[in-house]
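Novice: fold the following for me, if possible:
(one chain, ligands or ions: 1)
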Amino acid sequence: MHCISIRGLTFQWPKQLAPCLDIPTFHLQQGESVFLHGASGSGKSTFLGLIAGLQQVKHGELTVMGKSLKEMRNHQRDQFRADYLGIIFQQFNLIPYLSVIDNVLLSCQFSKLRKQQVLSTGQSLSEAATTLLHALDISDIHLSVNQLSVGQQQRVAAARALMGKPALIIADEPTSSLDAERQNAFLHLLKNACQVAGSALLFVSHDLRLADTFDRTISMADINHAKREINASL
Ligand SMILES: Nc1ncnc2c1ncn2[C@@H]1O[C@H](COP(=O)(O)OP(=O)(O)OP(=O)(O)O)[C@@H](O)[C@H]1O
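Specialist: Down below sits the predicted model:
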């Protein structure tokens, strides 16, 4: 079974005259890491939003871990996301008034599956969260997250995404606010943590310098056959 499998997926935003996505086929293997790049407006965030179940699939097939997102109602997509996905997006911010560890523990509050995944290893939830945070180089786990630097907050977001070993981590420009050295360090820690968890990683960035360490690099233009000039002229 693939982690992500797509066939004949098209997506058009309301009030746009043409689809912004037309993806004949795309597959991501379980545990694979893919770097996805593309010009601004090429549909990267829309693509991730469909995979995360934030937007509804209407045309074509999109399955994640064998589950068809098209068939799910809103609340089913929410539960699916909590169970199978770790998300590191700009808009999925940490809860500022909670501590570092409580932010990480949230992943298991919304998913029995992920909670059981942790408990089945013999670790308690807080032991597992602490182990992950240490692996991502965060030691002050009881600080409130608004006392952390942007780079530290990104690593807490990564720990939250990885808690309970979800099948897939999706990251949308997670390093854009970091300097080059910190970008590389973050990526190194994230890739290692994904490997340990066995999670596939779909990582979106403009910055091709980061692509080297991934199993595969894909350009949006290679998978998306939608005619950009039509949308761009609107
Ligand atoms: N909420 C929305 N409503 C209507 N159109 C949208 C919406 N979000 C994106 N679009 C349109 O969909 C197309 C693709 O946008 P998207 O944000 O997916 O691209 P992107 O590759 O992630 O861009 P960037 O790199 O600038 O973030 C654009 O033409 C954009 O105007």
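Novice: now do A226, the pLDDT please.
Specialist: Per-residue pLDDT puts A226 at 94.
Novice: over to A193?
Specialist: Looking at A193, its pLDDT reads 89.
Novice: show the contacting residues for the closest residue to L189 other than its chain neighbours.
Specialist: Leaving out its chain neighbours, the residue that sits closest to L189 by Cβ to Cβ, 6 or more residues apart in numbering is L136, at 5.0 Å. Where you see a C-beta, it was placed from the backbone N, CA and C, and this is true even at glycine. Applying Cβ atoms under 8 Å, 6 or more residues apart in numbering to L136 gives the contacts R155, V156, A158, A159, L189, L190, A193.
Novice: neighbour-wise, give me the winner out of those residues.
Specialist: A159 (30 neighbours; other Cβ atoms under 10 Å).
Novice: where in the protein is pLDDT low?
Specialist: Residues of the chain meeting the criterion pLDDT under 70: 91-92, 228-234.
Novice: 80 - rerun?
Specialist: Scanning the chain with the threshold set as pLDDT under 80 gives 90-93, 177, 228-234.
Novice: enumerate the residues of it near the ligand.
Specialist: W13, Q16, C20, G38, S40, G41, S42, G43, K44, S45, T46, N231 (Cβ under 6 Å from any ligand atom).
Novice: redo that, cut-off 5 Å
Specialist: Counting by Cβ under 5 Å from any ligand atom, the residues of the chain close to the ligand are W13, C20, S40, G41, S42, G43, K44, S45, T46, N231.
Novice: among those, which pair sits farthest apart?
Specialist: Farthest-apart pair in those is W13 and S40; separation 15.5 Å (Cβ to Cβ).
Novice: next, give phi and psi for the spatially most central residue of the chain.
Specialist: Using Cα atoms, centre = their mean, the residue of the chain that lies closest to the mean C-alpha position is I170, 1.5 Å off. Dihedral pair for I170: phi -120, psi 140, per degrees, to the nearest 10.
Novice: nearest spatial neighbour of it, skipping sequence neighbours?
Specialist: Take I170 and drop its neighbours on the chain: the residue closest to it by Cβ to Cβ, 6+ apart is L202, 4.8 Å away.
Novice: burial measure for S144, as a count.
Specialist: S144 is flanked by 16 other residues according to other Cβ under 10 Å.
Novice: got it, and the one 10 residues further on?
Specialist: Neighbourhood size, Q154 [other Cβ under 10 Å]: 26.
Novice: next secondary structure element downstream of the lengthiest helix in the chain?
Specialist: Ranked by residue count under DSSP state H, the longest helix found in the chain is helix 180-197. Following helix 180-197 in sequence order, the next helix or strand is strand 200-204 (DSSP states H and E).
Novice: packing partners of the helix or strand just after that following strand?
Specialist: Later in the chain than strand 200-204, the nearest helix or strand by DSSP H and E is strand 216-219. Packing partners of strand 216-219 (3 or more Cβ pairs under 8 Å, 6 or more residues apart in numbering; DSSP states H and E): strand 33-37.
Novice: for the strand it packs on, buried residues please.
Specialist: S33, V34, F35, L36, H37 (16 or more other Cβ atoms under 10 Å).
Novice: tell me where this structure has helices.
Specialist: All helices of the chain, identified by DSSP H, fall at 44-51, 74-84, 100-109, 112-119, 125-135, 150-162, 180-197, 220-223, 228-232.
Novice: point out the most buried one among those.
Specialist: helix 150-162 (a mean of 23; mean count of other Cβ atoms under 10 Å).
Novice: which residues sit against it?
Specialist: The contact list for helix 150-162, computed with Cβ under 8 Å, 6+ apart, reads 86-88, 92-94, 100, 103-104, 106-107, 129, 132-133, 136-138, 145, 148, 169, 171, 174-175, 177-178, 182, 186, 189-190, 193-194, 197, 199.
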